[in-house]
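Participant: Next come a sequence and a model predicted from it.
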Amino acid sequence: MRVCVIGTGYVGLVTGACLAAIGHHVLCIDNNAEKVARMEVGQSPIYEPGLELVMQQAMQAGNLVFSTDLAMGVAHGEILFIAVGTPALPTGESDTRFVEAVARGIGEHLNGGYKVIVNKSTVPIGSGDWVRRIVLDGVADRQSDIAGFDVVSNPEFLREGSAVYDTMNPDRIVLGSDSPRAIQMMQALYAPIVARTFAENKALPPVPVVVTDLASAEMIKYAANAFLATKISFINEVANICDRVGADITQVAHGIGLDSRIGHKFLQAGIGWGGSCFPKDVSALVHTALDYGYEAQLLQATIRTNQQQRLLVVEKLQQALKILKGKTIGLLGLTFKPNTDDLRDAPALDVIEHLVRLGACVRAFDPIIAHSSHPGLAKVTLTTTAEDLAKGCDALVLMTDWSEFQHLDFDRVAPQMNHAIVIDGRNFLDPQMLKAAGFHYIGIGRPTTGNGLITRLMQLSKPVAVVESAA
């Protein structure tokens, strides 16, 4: 099928490359000429494992082309994906001006055969009808020349760092539309993925396809992200209680995760969630609820808990070092999660801001961020290795659970530090190994020495045993 993807960010580029990889003829459009020039020679403008190889293979097969010409893209595609950014505004609303501009451009250039216009961007509920009206405004004086079009909501559920895998092996595909013709075309588009023709495990059952109305499809995306964000905030709340009572959140999470109604995923306590999706999607859903006269108190609490959680490592540093002014703090990782170069709403940025405000000298090492013009890193010294980072530091803070941090030579690192202290913001490191290397290990919701609760119970049981013996 002939596909046009408008916008080549994480969602658009991965979607376009993967659809081209399964045999469709894909033209990706972006208004950034420099970015298009890089993609035309097979270079991915974003760091995403496996993406560049998929791009190059699809280009060699003649299935993937890049351009800045929107008119050419609209003429080429039977299916037109809108995959531009919808960042959060200060009010919490989604900024939909880029979606509006693309929809208006599609309307201006629409002519000829029937088209399916797909909202791939995460858009507020009701955006499908809104996009339809914008396109109709653009073709008002040319309706006799238009064969017709329909709008489909096809939300993405990609995880940065595994976006290619998620596209080829989705948990489900959601299609929202009131047009049987549009749904049929979308089902044909995704047929190879549904049948797992290109999946790593072809023995799995077909991918479920959920067909709904437009509004329900848009809500599914927001509800999924809001639930996952709430699950993380919940386990962080429990971790903070564990800190106070001496329980170990890793054992608690394992125990509750064995309940089939709960499951183990998204139960890793730490410094909270960030990135481009959870923050803006939860805020957008809260704002949508307010628009309709409902206060989503649980979601508001989810956001507050996450904001507070980010500063927990600063509190733990103050407890360990007392005064932070003049101290040197080294951050292991900057991105909001591993296997991405994305700094959008990364918890590290909030931690840096507070440490600088308290007078600390902040250094950082990230395997991907070698240098950056991000304003949040203006007062941060970036090092080229984790070992260089540790020299002269008063404490290290693990901010991102990059796998290579588990393999650091902590025996060699400890003597180079002013104080061998590690704050494990992701409960990712081995406490016993670090203690053996001479570190004072501090996790999130984890006893610093052994299992505090068991120790307390043993201590409480001794007087009882004495009394029974005396009796």
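Facilitator: Right, received. Where do you want to start? Residues are numbered from 1 along each chain as shown.

Participant: Report the central residue of this structure.
Facilitator: residue 275 (4.7 Å; C-alpha atoms, centre = their mean).

Participant: Doesn't that one lie inside a helix?
Facilitator: No: in this structure, residue 275 is coil, not part of a helix, as judged by DSSP: H, G, I helix; E, B strand; the rest coil.

Participant: And the closest residue to it other than its chain neighbours, how far from residue 211?
Facilitator: Once flanking residues are discounted, residue 275 sits nearest to residue 336: 4.4 Å by C-beta to C-beta, 6 or more residues apart in numbering. Every residue, glycine included, has its C-beta placed from N, CA and C. Separation of residue 336 from residue 211 (C-beta to C-beta, to the nearest Å): 33 Å.

Participant: neighbour count winner among those two?
Facilitator: Counted by other C-beta atoms under 10 Å, residue 336 and residue 211 do not tie: residue 336 has more neighbours, with 25 against 15.

Participant: before we move on, the earlier item: identify the residues contacting the residue nearest to residue 275.
Facilitator: Counting by C-beta atoms under 8 Å, 6 or more residues apart in numbering, residue 336 touches 273-275, 342-348, 400.

Participant: Residue 362 now?
Facilitator: So residue 362 contacts 328-329, 331, 352, 355-356, 379-381 (C-beta under 8 Å, 6+ apart).

Participant: what about burial for those, which qualify?
Facilitator: Buried subset of the contacts of residue 362 (neighbour count, 16 or more other C-beta atoms under 10 Å): 328-329, 331, 352, 355-356, 380.

Participant: of all those residues, which two lie farthest apart?
Facilitator: 328 and 352 (13.2 Å; C-beta to C-beta).

Participant: Within the helices and strands, which one has the residue nearest to residue 70 when sequence neighbours are not counted?
Facilitator: In space, and not counting its chain neighbours, residue 70 is closest to residue 105: 4.9 Å by C-beta to C-beta, 6+ apart. Using DSSP states H and E, residue 105 maps to helix 97-109.

Participant: what do you get for residue 27?
Facilitator: strand 25-29.

Participant: That strand versus helix 97-109: what angle between them?
Facilitator: Counting by axes from the mean of the first three to the mean of the last three C-alpha atoms, to 10 degrees, strand 25-29 lies at 120 degrees to helix 97-109.

Participant: other SSEs contacting strand 25-29?
Facilitator: Secondary-structure packing of strand 25-29 (3 or more C-beta pairs under 8 Å, 6 or more residues apart in numbering; DSSP states H and E): strand 2-6, helix 10-21, strand 64-67, helix 70-76.

Participant: Any idea which of those gets closest to residue 386?
Facilitator: Of the helices and strands packed on strand 25-29, nearest to residue 386 by C-beta to C-beta is helix 10-21, at 26.6 Å.

Participant: average model confidence for that closest one?
Facilitator: The average of the pLDDT scores along helix 10-21 is 97.

Participant: For that helix, list every residue counted as buried.
Facilitator: So, applying 16+ other C-beta under 10 Å, buried residues of helix 10-21: 10-21.

Participant: how far is that helix from where the chain is centred?
Facilitator: Helix 10-21 sits 17 Å away from the centroid of its parent chain (C-alpha atoms, centre = their mean, to the nearest Å).

Participant: Could you check how far stretch 314-327 is from the centre of its chain?
Facilitator: Counting by C-alpha atoms, centre = their mean, stretch 314-327 comes out at 30 Å from the chain centroid.

Participant: what about it, how long is it end to end?
Facilitator: 12 Å (C-alpha to C-alpha, to the nearest Å).

Participant: likewise stretch 272-281?
Facilitator: First-to-last distance for stretch 272-281 - C-alpha to C-alpha - comes to 15 Å.

Participant: now do stretch 119-126
Facilitator: 11 Å.

Participant: For that stretch, give me every contacting residue.
Facilitator: In contact with stretch 119-126 (C-beta under 8 Å, 6+ apart) are residues 5, 7, 11-12, 15, 81-86, 93-94, 96, 98-99, 127-128, 131, 151-156, 215, 218-219, 221-222, 277, 280-281, 284, 288.

Participant: mind redoing it with 7 Å?
Facilitator: 11, 15, 81-84, 86, 94, 96, 99, 127-128, 131, 151, 153-156, 215, 218-219, 221, 281, 284, 288 (C-beta atoms under 7 Å, 6 or more residues apart in numbering).

Participant: Repeat that for stretch 108-118.
Facilitator: So stretch 108-118 is contacted by 70-71, 74, 77-82, 106, 131, 135, 138-139, 142, 145-152, 154, 182, 185-186 (C-beta under 7 Å, 6+ apart).

Participant: Swap in 6 Å and give it another go.
Facilitator: 71, 74, 79-81, 138-139, 145-152, 154, 182, 185 (C-beta atoms under 6 Å, 6 or more residues apart in numbering).

Participant: pLDDT weak spots in the chain?
Facilitator: 141-147, 449-471 (pLDDT under 70).

Participant: Relative to the strand holding residue 27, what are the paired strands and their orientations?
Facilitator: strand 2-6 (parallel), strand 64-67 (parallel) (DSSP bridges).

Participant: Convert the C-alpha atoms of that strand to CSV, please.
Facilitator: Extracted as CSV, the C-alpha positions of strand 25-29 are listed here (Å, rounded to 0.1, in the frame of the first residue of the first chain):
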residue,chain,number,x,y,z
HIS,A,25,5.7,2.0,-0.1
VAL,A,26,6.3,4.8,2.4
LEU,A,27,7.0,8.5,1.9
CYS,A,28,8.0,10.3,5.2
ILE,A,29,7.5,14.0,5.2
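
Participant: ok, and what's touching the very next helix or strand once past it?
Facilitator: Remark: after strand 25-29, the chain's next helix or strand is helix 33-40, criterion DSSP H and E. The contact list for helix 33-40 (C-beta under 6 Å, 6+ apart) reads 30, 45, 66, 68.

Participant: how does it look with 10 Å?
Facilitator: Residues from elsewhere that reach helix 33-40, judged by C-beta atoms under 10 Å, 6 or more residues apart in numbering: 8-9, 13, 16-17, 28-30, 32, 43-46, 52, 55, 59, 64-69.

Participant: now do stretch 317-326
Facilitator: 314, 327, 329, 351, 354-361, 394-395, 397, 418-419, 421-423, 440, 442, 448.

Participant: how about 6 Å then?
Facilitator: 327, 358-360, 394-395, 421.

Participant: Check stretch 264-276 too.
Facilitator: Contacts of stretch 264-276 (C-beta under 6 Å, 6+ apart): 228-229, 231-232, 235-236, 239, 249, 253, 257, 306, 309-310, 313, 336, 344-347, 425-427, 444-445.

Participant: Are any of the contacts of helix 33-40 buried, and if so which?
Facilitator: 8-9, 13, 16-17, 28-30, 44-46, 52, 55, 59, 64-67.

Participant: What segments of the stretch 351-471 of the chain are helices?
Facilitator: 386-390, 410-413, 431-436, 452-470 (DSSP state H, counting those that start in this stretch).

Participant: on that earlier part again, just want the angle from the strand holding residue 27 to helix 10-21.
Facilitator: Using the same axes, to 10 degrees, strand 25-29 lies at 160 degrees relative to helix 10-21.
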